[in-house]
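K.L.:
structure, please.
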Amino acid sequence: MPVTADICVHSRCKSAEFFTGFPELSGLPGFDWVRRCLWLRPNASISSLQLGESWCFLSDERVERRLAAVLAADTVGCDRLMDAGVEGALVRLKEIRKALVHPTIATHRGRIVKTTADGMLVEFASAVDAVRTAVEFQRSMAEQNETLPEGSRLEFRIGLHVGDIIIDDNDIFGDSVNIAVRLEGLAEPGGVCISDDAYRQIRGKVEYAWNDIGLQALKNIAEPMRAWRVNLGGQGTAGAQPVSLAVPVSVLALPDKPSIAVLPFQNMSTDPEQEYFADGLVEEIITALSRFKSLFVIARNSSFTYKGRAVNIKQVGRELGVHYVLEGSVRRAGSRLRITGQLIDSSTGFHLWAEKFEGGLEDVFELQDKVASGVAGVIDPLLQDIEIKRASDRPTADLTAYDLYLRSLPHIRAWAREANMQAIALLEKAVERDPHYGLALASLALCHSQNISSGWAEDAAIERERTSALARRALETAPDDPSTVTSAAGALLNIGEDPNVLRGLVDGALSRNPSHAFGWLWSGWIRTVSGEPDLAIEHFEMSLRLDPRTTRRAFHLTGIGICHFFRRRFDQAAAALGASFRELPTYPLTKWFLAACHAQMGRLSKAREFAGHNGIRPGGPWLAVGQMLGNPEHRELVLSGLKLATGEQV
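P.N.:
Numbers count the residues shown, from 1 in each chain. Here you go, the predicted structure:
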């Protein structure tokens, strides 16, 4: 029967014309295979061989194939050291192989297929064993190199792939070998680069961080291949950015009701620019699940701290305090969309549910609803049809407006003037496409109110008018959508609207979506302004519990600090406000209340020094804080403290 044999030519060869005969091929990967097969084309010279070429010939021998993890390693700088006359380069390379390479490979049950002067090919039965070998070896080499001058260091690059291989006389061949060699070329000196096939095998099984380097065109490989580089946390090549491999967080107790975190879905689209679409899709699923009163749902900010990382589901469960984790992938090709989701019990690692959903982009909201209702049905069979219907409510039927809204979100969360202007431009286009898109209207109102509260407005009166008009349009358009109502209420609070009216709006939103962390944050601020400090603290803490890994804790901490200040717990107030100031020193409320707190504690020198360094002057914009507060005692406490801190009052 015809058998296809892959001819492997070592990656060092710039072209097949480098060879003029068998002696030059001797010892290189694939030589034996080429020598045995050359008789099939007796008139062909070695110089006519092409890299990656396959020959079809007749043979009575059965070709052995198996699935394996292939590791290709090459030394960086060995030729340079020898050319420079550095003594002992080859001796040291042999010592490294004997003392480090061979024992590490043997520990993880690998088999050295072949070695060259400065490289090697290794086969493993397990991708996990192959990755652990690679990382342990590179870390050990980094430790050894620390004691050597930079010009005398030996470093290695390692590539790794999982796939089908051909075995002949203990040698291995095939595309998997070629891919591993090509990936080795993509690795940084002292680093490891693996294929997406290998990454899927080790994800969640090894405690290493990974950087997604996207689709890579590999020579003689027909389709582009996604690749990953291990992040060695600064222990590899000099100049690499050190990144902690583990986030030190306390283990959170599980809530009384079913709890879930939705991890970022992997973007499998060929267009990396569509990453925003995958992220937005996950956010919509989080929102849909949050509307189920029976679920405790972790907020998007905390879930997305795991984006691009190889995660251990059990560890995620401990860090976020959830029983269930949803992960998956999104593939967008043209006008078609496929969503794959799987639900995992974080305490056992068992897969409880998995499903694929496919359709056109015009059905994206229906696909989201199927994922949400499918997960909810597994977690709590008692959910009623009415709750599933509420999760089906969609923000807009106009996908173009939806795309624009998704693109605005990163700019809104950046909390910077230029980014805020970019968000406004995108949201204005979204509202132009769909004038009844409630969430876009509310988000636009919040951006304009942020211009006022952050001091970015050129004309505060115009910004206040725009904020009010947009927020009220949003409430009229989507009065039952918790996200829209909460954002609109927050915008109105920023421009001084009656907190008692806004309290009713946010309470209603939270009754419809009790896992909405952003809603609890704004509820805390409304209670702070209306004179309910203890209840406000509870709501700030509930927001942090729902979003335990939020990247912006300053707004929670400032609110908590202000509430302790109002209750005259000045030590606790100073601690919370100080922590907020260190995270976000530009937030005016933090600076004003911290200065007032120092003054009310009798630390006049410290209060005046702090006020002077942070531009807090007599008769300054801090006087506006009195207009925010409904409780006369609270208003007098902060204003008298600020007058002391600025020297306006002795």
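K.L.:
what residues are up against I213?
P.N.:
186, 193, 227-229 (CB atoms under 8 Å, 6 or more residues apart in numbering). From N, CA and C alone the C-beta is placed, and that goes for glycine too.
K.L.:
rerun that using 10 Å as the cut-off
P.N.:
186, 193, 226-229 (CB atoms under 10 Å, 6 or more residues apart in numbering).
K.L.:
now list the buried members of those.
P.N.:
186, 193, 226-229 (16 or more other CB atoms under 10 Å).
K.L.:
of those, which belong to strands?
P.N.:
193, 226-229 (DSSP state E).
K.L.:
reformat the residues you listed as JSON lines; add pLDDT and distance to G602.
P.N.:
Below are these laid out as JSON lines (pLDDT from 0 to 100; distance: CB to CB, whole Å):
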{"residue": "C193", "pLDDT": "95", "distance to G602": "60"}
{"residue": "R226", "pLDDT": "85", "distance to G602": "61"}
{"residue": "A227", "pLDDT": "89", "distance to G602": "61"}
{"residue": "W228", "pLDDT": "91", "distance to G602": "57"}
{"residue": "R229", "pLDDT": "90", "distance to G602": "55"}
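K.L.:
mind putting those into a markdown table with distance to G349?
P.N.:
What follows is those, written out as a markdown table (distance: CB to CB, whole Å):
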| residue | distance to G349 |
| --- | --- |
| C193 | 27 |
| R226 | 25 |
| A227 | 26 |
| W228 | 22 |
| R229 | 26 |
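K.L.:
ok, the buried ones among the contacts of I213 vs L254, which is closest?
P.N.:
W228 (31.8 Å; CB to CB).
K.L.:
what sits against that closest one?
P.N.:
Listed by CB under 10 Å, 6+ apart, the contact set of W228 reads 160, 183, 186, 192-196, 198-199, 202-203, 208, 210-214, 308, 310.
K.L.:
and V316, its phi and psi?
P.N.:
Main-chain dihedrals, V316, degrees, to the nearest 10: phi -60, psi -40.
K.L.:
hmm, P255 is touching A261, no?
P.N.:
No - here P255 lies out of contact with A261, judged by CB atoms under 10 Å, at a distance of 11.9 Å.
K.L.:
neighbour count winner among those two?
P.N.:
A261 (28 against 15; other CB atoms under 10 Å).
K.L.:
how about the more buried one, what does it touch?
P.N.:
With CB under 10 Å, 6+ apart, A261 has these contacts: 286, 296-300, 302-303, 306, 313, 316-317, 319-327, 346, 548-549.
K.L.:
switch to 7 Å and redo it
P.N.:
The contact partners of A261, taken as CB atoms under 7 Å, 6 or more residues apart in numbering, are 298, 303, 316, 320, 322, 325.
K.L.:
dig out what it forms beta bridges with.
P.N.:
For A261, the beta-bridge partners under DSSP bridges are V325.
K.L.:
which pLDDT value goes with it?
P.N.:
With respect to pLDDT, A261 scores 92.
K.L.:
could you check how far the most centrally placed residue in the chain is from D547?
P.N.:
The C-alpha lying nearest the average C-alpha coordinate of the chain belongs to K307 (CA atoms, centre = their mean; 2.1 Å). To D547, K307 is 15 Å away according to CB to CB, to the nearest Å.
K.L.:
now distance to I495 too, for the contacts of A261, in JSON lines please.
P.N.:
Shown next, in JSON lines, are the contacts of A261 (distance: CB to CB, whole Å):
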{"residue": "I298", "distance to I495": "31"}
{"residue": "S303", "distance to I495": "31"}
{"residue": "V316", "distance to I495": "39"}
{"residue": "L320", "distance to I495": "35"}
{"residue": "V322", "distance to I495": "37"}
{"residue": "V325", "distance to I495": "40"}
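K.L.:
need these in JSON lines with neighbour count, distance to S523 and pLDDT, can you?
P.N.:
What follows is those, written out as JSON lines (neighbours: other CB atoms under 10 Å; distance: CB to CB, whole Å; pLDDT from 0 to 100):
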{"residue": "I298", "neighbour count": "28", "distance to S523": "18", "pLDDT": "92"}
{"residue": "S303", "neighbour count": "26", "distance to S523": "22", "pLDDT": "89"}
{"residue": "V316", "neighbour count": "22", "distance to S523": "27", "pLDDT": "88"}
{"residue": "L320", "neighbour count": "25", "distance to S523": "22", "pLDDT": "90"}
{"residue": "V322", "neighbour count": "26", "distance to S523": "22", "pLDDT": "88"}
{"residue": "V325", "neighbour count": "26", "distance to S523": "27", "pLDDT": "90"}
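K.L.:
V431: which of these is nearest?
P.N.:
S303 (28.0 Å).
K.L.:
tell me which helix or strand the closest one sits in.
P.N.:
Using DSSP states H and E, S303 sits within helix 300-303.
K.L.:
can you give the distance of the strand or helix carrying Y405 from its chain's centre?
P.N.:
Assigned by DSSP H and E, Y405 belongs to helix 399-413. Offset of helix 399-413 from its chain centre (CA atoms, centre = their mean, to the nearest Å): 18 Å.
K.L.:
and the helix or strand following it with helix 399-413, angle?
P.N.:
The helix or strand immediately downstream of helix 399-413 is helix 417-433, counting by DSSP H and E. Relative orientation of helix 417-433 and helix 399-413, computed by axes from the mean of the first three to the mean of the last three CA atoms, to 10 degrees: 160 degrees.
K.L.:
name the helices or strands packed onto helix 417-433?
P.N.:
Helices and strands touching helix 417-433, by 3 or more CB pairs under 7 Å, 6 or more residues apart in numbering; DSSP states H and E, are helix 399-413, helix 438-453.
K.L.:
give me the domain ranges for this structure.
P.N.:
1-62, 64-246, 259-394, 430-646 (automatic domain parsing).
K.L.:
redo those as JSON lines? Include distance to L404.
P.N.:
Putting those into JSON lines (distance: least, CB to CB, whole Å) gives the following:
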{"stretch": "domain 1-62", "distance to L404": "44"}
{"stretch": "domain 64-246", "distance to L404": "25"}
{"stretch": "domain 259-394", "distance to L404": "11"}
{"stretch": "domain 430-646", "distance to L404": "4"}
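K.L.:
which of the ones you listed sits closest to S408?
P.N.:
Across those, closest to S408 is domain 430-646 (CB to CB), at 6.7 Å.
K.L.:
send me the helix or strand encompassing E465 as CSV with only the CA atoms.
P.N.:
Using DSSP H and E, E465 sits within helix 460-477. C-alpha atoms of helix 460-477 as CSV (Å, rounded to 0.1, in the frame of the first residue of the first chain):
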residue,chain,number,x,y,z
ALA,A,460,-19.7,72.4,33.9
ALA,A,461,-23.2,73.8,33.2
ILE,A,462,-23.3,72.3,29.7
GLU,A,463,-22.0,68.9,31.0
ARG,A,464,-24.5,68.9,33.8
GLU,A,465,-27.4,69.5,31.3
ARG,A,466,-26.1,66.8,29.0
THR,A,467,-25.8,64.3,31.9
SER,A,468,-29.3,65.0,33.2
ALA,A,469,-30.9,64.7,29.7
LEU,A,470,-29.1,61.5,28.8
ALA,A,471,-29.7,59.8,32.2
ARG,A,472,-33.5,60.5,32.0
ARG,A,473,-33.7,59.2,28.4
ALA,A,474,-32.0,56.0,29.6
LEU,A,475,-34.4,55.6,32.4
GLU,A,476,-37.4,56.1,30.1
THR,A,477,-36.0,53.7,27.5
